[in-house]
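Visitor: Sequence and computational prediction follow.
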Amino acid sequence: EKACAAWGKCLKRNPKIEVDMTENNVSEGGLAYIAGFLRKFWVHPRLDLRSMGFGADGMRPLSLQLADRRMRTVTTLYLSNNELGPEGAMHLAHVLERSYSLQELDVSGCGMEDEGVRVVAEALQLNQRLEYM
């Protein structure tokens, strides 16, 4: 969580910096911290959270921010190699149903299983903006 707090302070002071924290395990609480400052400070179209070791509990606060219709910055979201599972897929479906901006999504290696893939596929029927998955 300390690393995520430091990242948040960095973005507050310099929102133009694009930070890549892929392949760094963060706690579920750390990802919740990241989610908390996304809407306020993130100005980049790409959000890369690959291989960060979070699951459904981390995806929940992230999905609440990304599904907020005021959050129009992120067009590309990389979530690959995180253990979202079926429950995390439900949180992702929430984003897909409500996001106005998301155009590209990578969820390879997220272990969504049959139920998660079904829920995401149903949400994609409501999303006309996604171009790549």
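Guide: The structure has been received and is ready for your questions. Everything quoted here is computed from the prediction, not taken from an experiment.
Visitor: any weak-confidence spans in the chain?
Guide: 1 (pLDDT under 70).
Visitor: tell me the contacts of the residue most central in space within it?
Guide: The chain has residue 62 as the residue nearest its centroid, 5.4 Å off, counting by Cα atoms, centre = their mean. Taking Cβ atoms under 8 Å, 6 or more residues apart in numbering, we find residue 62 in contact with 31-32, 34-35, 38, 49, 91. Just so you know, the C-beta spots here come from the backbone N, C-alpha and C atoms, and that holds for glycine as well.
Visitor: Please apply the same query to residue 11.
Guide: Taking Cβ under 8 Å, 6+ apart, one finds 17, 19, 37, 41-42 in contact with residue 11.
Visitor: For residue 108, see how far away the spatially closest residue to residue 50 that is not a sequence neighbour is.
Guide: Once flanking residues are discounted, residue 50 sits nearest to residue 22: 4.3 Å by Cβ to Cβ, 6 or more residues apart in numbering. Separation of residue 22 from residue 108 (Cβ to Cβ, to the nearest Å): 13 Å.
Visitor: What of residue 33?
Guide: Applying Cβ to Cβ to residue 33 and residue 108 gives a distance of 25 Å.
Visitor: Give the residue from the two that has the larger number of neighbours.
Guide: residue 33 (19 against 10; other Cβ atoms under 10 Å).
Visitor: is it true that residue 132 touches residue 102?
Guide: No. Taking contacts as Cβ atoms under 8 Å, residue 132 lies outside contact range of residue 102: 10.1 Å.
Visitor: more neighbours, the two?
Guide: Taking other Cβ under 10 Å, residue 132 and residue 102 do not tie; residue 102 has more neighbours (23 against 8).
Visitor: all helices for the chain, in order.
Guide: For the chain, the helices defined by DSSP state H occupy 2-13, 28-41, 56-66, 85-98, 113-124.
Visitor: Nearest to residue 76, out of these?
Guide: Between residue 76 and the helices of the chain, the tightest spacing by Cβ to Cβ is seen for helix 56-66, at 11.8 Å.
Visitor: Pull the distance from the closest one to the chain's centre.
Guide: 7 Å (Cα atoms, centre = their mean, to the nearest Å).
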